[in-house]
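>>> Sequence plus the predicted model coming up.
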Amino acid sequence: MIKSDIRVVVVLTAAWILTIGAGRHSQGESRADERETAPAEEGFVPLFDGKTLTGWEGDAKLWKVEDGMIVGDSPGIKQNEFLATKKSYGDFELRLEFRLRQGAGNTGVQFRSRRVDGSSEVSGYQADIGEKYWGCLYDESRRNRILVQAPAALDDVLRKDDWNQYVIRARGDHVSLRLAGMQTVDYREADEAISRNGIIALQVHAGGPLRVEFRNLRIRELPGK
């Protein structure tokens, strides 16, 4: 091999080494960026094991586990029914996904709530789901009114007959709801007599036939204020 050929080989080899090094460097940066932008799930624990209703209590005729989901399947009932956690929670962030069949009917997620003695009802805050109430904060069997109405713009992102994510956060007197990626509620509780602790419960509303499915329920308890 002549000297000129040797110089060409050396130059090409050096260029190849630099290209490989740059590629590895850029991949490392890409992985770091992915870690930084991934949804933060640190500190969250499952609220549902995907197989059984361990840790929950409610009417087994209406509530079941199916394909990794909690399913509320109502043929039509005369009174509200709830599947509730046996444990109470105070300050927390709850994340879950739900699907309401054909977007029809009414259901919701109770929190900082309690069972009403002598009744199937549950009293407390509800992250509402269903016709006319999507994304609202409702006060179930207590003040019996909408505390915060969701913005009309929710209709632009909500998939009424498909899966949506709810994020429910309660800390001290502050309650916030995010539905389908949009903040629908930012509420401060002015009444100090309202409990800051209670069960979490899933609702099947009184009325006609309804099927609602919940999955990927996980919760992170927060330090109190």
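Okay, I see it.

>>> Assess the claim that residue 130 and residue 106 are in contact.
Yes - in terms of Cβ atoms under 8 Å, residue 130 counts as a neighbour of residue 106; the distance is 3.5 Å. In short, each C-beta sits where N, CA and C put it, glycine included.

>>> any common contacting residues for the two?
Listed contacts common to residue 130 and residue 106 are residue 205; contacts here mean Cβ atoms under 8 Å, 6 or more residues apart in numbering.

>>> Give the other helices and strands that the lengthiest strand in the chain contacts.
Identified as the longest strand of the chain according to DSSP state E is strand 210-221. If you count contacts as 3 or more Cβ pairs under 8 Å, 6 or more residues apart in numbering; DSSP states H and E, strand 210-221 packs onto strand 45-46, strand 69-74, strand 92-100, strand 106-115, strand 198-204.

>>> any chance of those strands in TSV, plus mean pLDDT and distance to residue 215?
Listed next are the helices and strands packed on strand 210-221 as TSV, based on pLDDT from 0 to 100; distance: least, Cβ to Cβ, whole Å:
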stretch	mean pLDDT	distance to residue 215
strand 45-46	97	11
strand 69-74	97	5
strand 92-100	98	5
strand 106-115	98	13
strand 198-204	98	12
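
>>> so of the ones you listed, which one's packed in deepest?
When you average the neighbours per residue for each of the helices and strands packed on strand 210-221 (mean count of other Cβ atoms under 10 Å), strand 198-204 leads with a mean of 25.

>>> Please name every helix or strand in contact with it.
Packed against strand 198-204 by the contact rule (3+ Cβ pairs under 8 Å, 6+ apart) you find strand 69-74, strand 81-89, strand 106-115, strand 122-130, strand 210-221.

>>> got those strands as CSV, with distance to residue 41 columns?
Shown next, in CSV, are these (distance: least, Cβ to Cβ, whole Å):
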stretch, distance to residue 41
strand 69-74, 19
strand 81-89, 18
strand 106-115, 19
strand 122-130, 20
strand 210-221, 7
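
>>> neighbours of residue 127, just the number please.
27 (other Cβ atoms under 10 Å).

>>> And it, how close does it get to residue 76?
In this view, residue 127 and residue 76 are 24 Å apart by Cβ to Cβ, to the nearest Å.

>>> And residue 173, by the same measure?
38 Å.

>>> same question, residue 103
The gap separating residue 103 from residue 76 is 18 Å, by Cβ to Cβ.

>>> Compare neighbour counts for these two and give me the winner.
Between residue 103 and residue 76, counted using other Cβ under 10 Å, residue 103 has the larger neighbour count: 15 against 9.

>>> got a list of what the more buried one touches?
By Cβ under 8 Å, 6+ apart, the contact list for residue 103 reads 131, 160-161.

>>> Could you tell me which ranges of this structure sit under the pLDDT cut-off?
Filtered on pLDDT under 70, the chain yields the residue ranges 1-40.

>>> among the contacts of residue 103, which ones are buried?
The neighbour-count test (16 or more other Cβ atoms under 10 Å) marks residue 160 as buried among the contacts of residue 103.
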